[in-house]
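> Please find the sequence and the predicted model below.
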Amino acid sequence: MKHTLAVLALNKPGVLARISGLLSRRAFNIESITAGHTEEPSVSRLTLVVQGDDRVIDQVVKQVSKLIDILKVEHLENNVIERELALIKVKADPSQRSDILDIVEIFRAHIVDVGKETMVVEMTGDEEKIDALCAVLNEHGILEMVRTGKVALVRGAERVKDR
């Protein structure tokens, strides 16, 4: 089962390497990891998606919490907004473009680049929605794709707080 963790850390070199190194040494599988600064420039927020049962996730939270420069680790379970970004380059000769445009509109995605024989689609949404778009675009020929991994926030006034 996949679990989402929010990690607040000091914005210092090596923090991401320490986290990924710890998890790989302990044989925990990282499905995705995203990182960026927060509303406070000195603090970074990392969103980790880790696979495992509840016991594994408890261990991940405890181990990551012990690392230097980590301020808070929280398992995000309920009432969470989750999104990914994907850029998908698809074959698009002139005869196929209207079909691709229709697909993009249905999924509320955007065309961000058009070339002689290609189009690049930008999609923001949950993992399942992006997977569904990819399945449909695959019929036209996906040439390249990149996905950000998940970012997540708790809904409402709740927030991951510093300890």
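Right, received. Where do you want to start?

> Now the lengthiest strand in the chain: buried residues?
Secondary structure of the chain per DSSP state E: the longest strand is strand 80-91. By 16 or more other CB atoms under 10 Å, the buried positions in strand 80-91 come out as 84-86, 88-90. For glycine as for every other residue, the C-beta is placed from the backbone atoms N, C-alpha and C.

> likewise stretch 38-49?
Under the neighbour-count criterion of 16+ other CB under 10 Å, stretch 38-49 has 43-49 buried.

> Now, those residues that are in strands?
43-49.

> List the contacts of the residue lying farthest from the centre of the chain.
Relative to the C-alpha centroid of the chain, counting by CA atoms, centre = their mean, Ser95 is the outermost residue, at 33.5 Å. By CB atoms under 8 Å, 6 or more residues apart in numbering, the contact set of Ser95 is empty.

> Wasn't it part of a helix?
No: using DSSP: H, G, I helix; E, B strand; the rest coil, the secondary structure at Ser95 is coil, not a helix.

> What backbone torsions are found at it?
Note on Ser95: its backbone torsions stand at phi -70, psi -20 [degrees, to the nearest 10].
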